[in-house]
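*Asks:* build the 3D model from these lines:
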Amino acid sequence: MHTSSLPKRIVKLIRQTGAAMVCVYCEEQLNDKNVSRDHLIPQCRGGNRIKQKLNVVLACRKCNSIKGNLVSVRELAHVRAHYGFQRKKYAERRRMILERAEQLIHERGLDVYITPIYTPTGQLSLSLA
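*Replies:* Numbering: from 1, shown residues only. Sure, this is the predicted structure:
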């Protein structure tokens, strides 16, 4: 695949990190139609304070969408308990994606940047520990 068909920010990420054109979560081959950048720690959760080179990975659009703004499997349980939902169709895939995200966050030393999600009833416990 030629990088000229990819968005500039994807090409920049590939050049900065040497990332392969494979989704870090499901290992699907990426192309200009399904490629996206995923912030391991979403910008709304403190990821905007981290160098893009450390925080951004290549993911397929589907995995990126399923992951949402969560950063750990533990969070998923809290969110389910609070909001009382779970899309059964993607439950196993979401768990797999979040396990991989936790691993990457820990490997890159990004744990300290995570800010919690606040709900109307109080703060959810969202640490990786």
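*Asks:* when you work out contacts or count neighbours from here on, use the C-alpha atoms and nothing else.
*Replies:* Noted.
*Asks:* may I have the distance across stretch 26-46, first residue to last?
*Replies:* This stretch, stretch 26-46, spans 25 Å end to end (C-alpha to C-alpha, to the nearest Å).
*Asks:* who's in contact with residue 95?
*Replies:* Applying C-alpha atoms under 8 Å, 6 or more residues apart in numbering to residue 95 gives the contacts residue 73.
*Asks:* for it, what is the enclosing helix or strand?
*Replies:* helix 91-107 (DSSP states H and E).
*Asks:* how far out from the middle of the chain is that helix?
*Replies:* How far helix 91-107 lies from its chain's middle: 8 Å, per C-alpha atoms, centre = their mean, to the nearest Å.
*Asks:* pLDDT of that helix, averaged?
*Replies:* What helix 91-107 shows for mean pLDDT is 89.
*Asks:* tell me which residues of it come out buried.
*Replies:* 93-102, 104-105 (16 or more other C-alpha atoms under 10 Å).
*Asks:* among those residues, which one lies nearest to residue 18?
*Replies:* residue 104 (15.7 Å; C-alpha to C-alpha).
*Asks:* can you list the low-confidence ranges for the protein?
*Replies:* 1-5, 78-89, 116-129 (pLDDT under 70).
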